[in-house]
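# Quick one, structure for this:
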Amino acid sequence: MRIGVGPAVFSAGGVLLTWQGLFTIISVCLGMYLVTRWGRARGIVPDVVFMAVIWAIIGGIIGARLVHVIDLWSEVYQADPVKVLMLWNGGLDVFGGILGGLAGVWACHAAPALRLARREAPLFGRRARFPFFATDPSKANIGRLRSLMDVSALALPLCLAVGRIAGIITGSEPGEPTGMPWGIVYTNPESVANKRYQLLATHPAVAYELLWDLLIFGALWYLKDRVRPDGMLFALFIGLYAVGRFFIGFLRFDKVWLVGMGMAQLVALVVLIVIVPVVAYQIEVVRKSGSAASRRSRG
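Have a look, this model is predicted:
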């Protein structure tokens, strides 16, 4: 398969729209729509979603850029640290963006100074209240925040899948060379894959990730009414995504950090080390509670 599309959708009058930027905008809008729609069923008002999205975007950009800069510090940024701030030149790590977005929402929820500024604030021309934020930490609705995380867990795989379309079109995240019949040859000279491998066929690693994201969505959709307590669905999403990034990482061209693994794979391992015990513990708690309830009902 040959693809000759360049990284830019159009460029005119100093305005540049890349495929990556276009599909990032589409995925963010899709996420806001889905979380707002599905959140209503859980009693989460749209204002809560909009405020959470703002902080998720801020934290996501910081996290995505941080992981990327750490990964390429010695090769790119050490000689010219100013480039760290040049986001328009690209360089964002998806896994870092997910973790950074989560950290951004939790920081907004936890920081007293931010709570004072957020409890009642103008939004879209009117004053909005945010039910899981509170001035008094003891009154903060942690359960509502975890419920929002679960709704986000359903939307995120679809958003990630949409974002991966840009990588397939432009070859911005090429895989290793392959002789498989589904290998892709990127013929555009501006493509990252073409610059790195010329006309060699490469693994469509981002297509593998897109398919994995869709499988994650299917699994989480099946489990959405079966998993307890709140927050567990998001933990499962993070864990499943980490599994995919770890194994697909062996088919991608990334800087090797340790025993043949790249930065994204090491981050995935750390996440799995943290998430797996948490999920196992929570599932055990739910089983014990269910058994106890069953014994009480029989008694």
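# What segments of the stretch 151-299 of the chain are helices?
Along the stretch 151-299 of the chain, counting by DSSP state H, counting those that start in this stretch, helices occupy 192-197, 205-223, 232-248, 263-298.
# And the residue sitting nearest the centre point of the chain, its phi and psi?
Residue closest to the average C-alpha location in the chain (Cα atoms, centre = their mean): Ile98, at 3.3 Å. Per-residue torsions, Ile98: phi -60, psi -50 (degrees, to the nearest 10).
# Then the one 5 residues further on?
Backbone geometry at Ala103, expressed as degrees, to the nearest 10, gives phi -60, psi -40.
# and the closest residue to it other than its chain neighbours, what does it touch?
Nearest non-adjacent residue to Ala103, counting by Cβ to Cβ, 6 or more residues apart in numbering: Gly59, 5.0 Å away. Any C-beta I mention is one placed from the backbone N, CA and C, and that applies to glycine too. Residues near Gly59 by Cβ atoms under 8 Å, 6 or more residues apart in numbering: Gly100, Gly101, Leu102, Ala103, Gly104, Val105, Ala107.
# List buried residues within the residues you listed.
Among those, the ones that count as buried by 16 or more other Cβ atoms under 10 Å are Gly100, Gly101, Leu102, Ala103, Gly104, Val105.
# Using CSV, please lay out those together with pLDDT and secondary structure.
Below are the buried ones among the contacts of Gly59 laid out as CSV (pLDDT from 0 to 100; DSSP: H, G, I helix; E, B strand; the rest coil):
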residue, pLDDT, secondary structure
Gly100, 85, helix
Gly101, 84, helix
Leu102, 83, helix
Ala103, 83, helix
Gly104, 82, helix
Val105, 81, helix
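# Which of the residues you listed sits closest to Met32?
Minimum distance to Met32 across those is 12.7 Å, recorded for Gly101 (Cβ to Cβ).
# I'd like to know how far the closest one sits from Cys159.
11 Å (Cβ to Cβ, to the nearest Å).
# do Thr187 as well
In terms of Cβ to Cβ, Thr187 sits 29 Å off from Cys159.
# More neighbours: the two, which one.
Cys159 (23 against 15; other Cβ atoms under 10 Å).
# hang on, isn't the more buried one packed against Leu30?
Yes. Using Cβ atoms under 8 Å, Cys159 is in contact with Leu30, at 5.6 Å.
# and the closest residue to Gly249 other than its chain neighbours, how many neighbours?
Closest residue in space to Gly249, ignoring its immediate chain neighbours: Gln265 at 4.1 Å, by Cβ to Cβ, 6+ apart. For Gln265, the neighbour count with other Cβ under 10 Å is 24.
# quick one: contacts for Thr36?
Contacts of Thr36 (Cβ under 8 Å, 6+ apart): Pro46, Val49, Phe50.
# and the residues you listed as CSV, adding neighbour count, secondary structure and pLDDT?
Putting those into CSV (neighbours: other Cβ atoms under 10 Å; DSSP: H, G, I helix; E, B strand; the rest coil; pLDDT from 0 to 100) gives the following:
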residue, neighbour count, secondary structure, pLDDT
Pro46, 16, helix, 80
Val49, 24, helix, 79
Phe50, 16, helix, 78
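# Mind putting those residues into CSV with distance to Ile165?
Output for the contacts of Thr36, formatted as CSV (distance: Cβ to Cβ, whole Å):
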residue, distance to Ile165
Pro46, 27
Val49, 24
Phe50, 25
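# Which of those residues sits closest to Phe10?
Phe10 lies nearest to Phe50 out of those, by Cβ to Cβ, at 29.5 Å.
# Wait, that closest one touches Val35, no?
No. The pair Phe50 and Val35 fails to qualify as a contact (Cβ under 8 Å) at a distance of 9.7 Å.
# Phi, psi for the nearest residue to Asp254 once chain neighbours are set aside please.
Counting by Cβ to Cβ, 6+ apart, Asp254 lies nearest to Gly262, which is 3.1 Å off, once chain neighbours are set aside. Torsion angles at Gly262 (phi, psi; degrees, to the nearest 10) stand at phi -90, psi 180.
# what's near enough to touch Ala161?
Leu210, Asp213, Leu214, Phe217 are the contacts of Ala161 under Cβ under 8 Å, 6+ apart.
# what does Val76 give?
With Cβ under 8 Å, 6+ apart, Val76 has these contacts: Lys83.
# now it: how far from Lys83?
Taking Cβ to Cβ, one finds Val76 at 6 Å from Lys83.
# tell me the SS of the closest residue to Val53 other than its chain neighbours?
What sits nearest to Val53 in space, not counting adjacent residues and going by Cβ to Cβ, 6+ apart, is Met32, at 5.6 Å. Three-state call for Met32 (DSSP: H, G, I helix; E, B strand; the rest coil): helix.
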